[in-house]
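Visitor: A structural model of the following input is requested.
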Amino acid sequence: MAKAMVLFLAAGLAEIGGGYLVWLWLRESKPMWVGVLGGVILVLYGIIPTLQSFPNFGRVYAAYGGVFIVLAVFWGWLVDRKMPDLYDWIGALICMVGVSIMLWAPRS
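Guide: As a prediction, this is how the structure comes out:
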């Protein structure tokens, strides 16, 4: 379980961080190398989830989606300085409950 969460966190940070660098390049006129670095990080994001031990691609990516939502809330708070409201936190909690059910529910 710890390995799965570390990989989900790494994938989320790579996706959000890479996308953020591309955003800075295209929307805020940062140098091209910032966008290229963002692109490289986004390629790494595509590789990281393949390291998961779960056998089902769709389930891994669906569960990762919930983790991504939570990380995006924190990114907005810590990087963009936009304080999440109660509904952001409730939504993030619901996502994590869904992730837990999808990944660790007993199956036959």
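Visitor: centre-most residue in this protein?
Guide: The centre of the chain sits closest to residue 12, judged by Cα atoms, centre = their mean, with a distance of 2.4 Å.
Visitor: hang on, it packs against residue 71?
Guide: Yes. Here residue 12 reaches residue 71: they are 3.9 Å apart, a contact under Cβ atoms under 8 Å. (Each C-beta comes from the backbone N, C-alpha and C, glycine too.)
Visitor: hmm, back to that, mind checking how far the residue nearest to the centre of the chain is from residue 28?
Guide: 22 Å (Cβ to Cβ, to the nearest Å).
Visitor: repeat that for residue 68.
Guide: 22 Å.
Visitor: neighbour-wise, which of those two wins?
Guide: residue 68 (20 against 8; other Cβ atoms under 10 Å).
Visitor: who are the neighbours in contact with the residue nearest to the centre of the chain?
Guide: For residue 12, the contacting residues are 64, 67-68, 71-72, by Cβ atoms under 8 Å, 6 or more residues apart in numbering.
Visitor: again, 7 Å this time
Guide: Applying Cβ atoms under 7 Å, 6 or more residues apart in numbering to residue 12 gives the contacts 67-68, 71.
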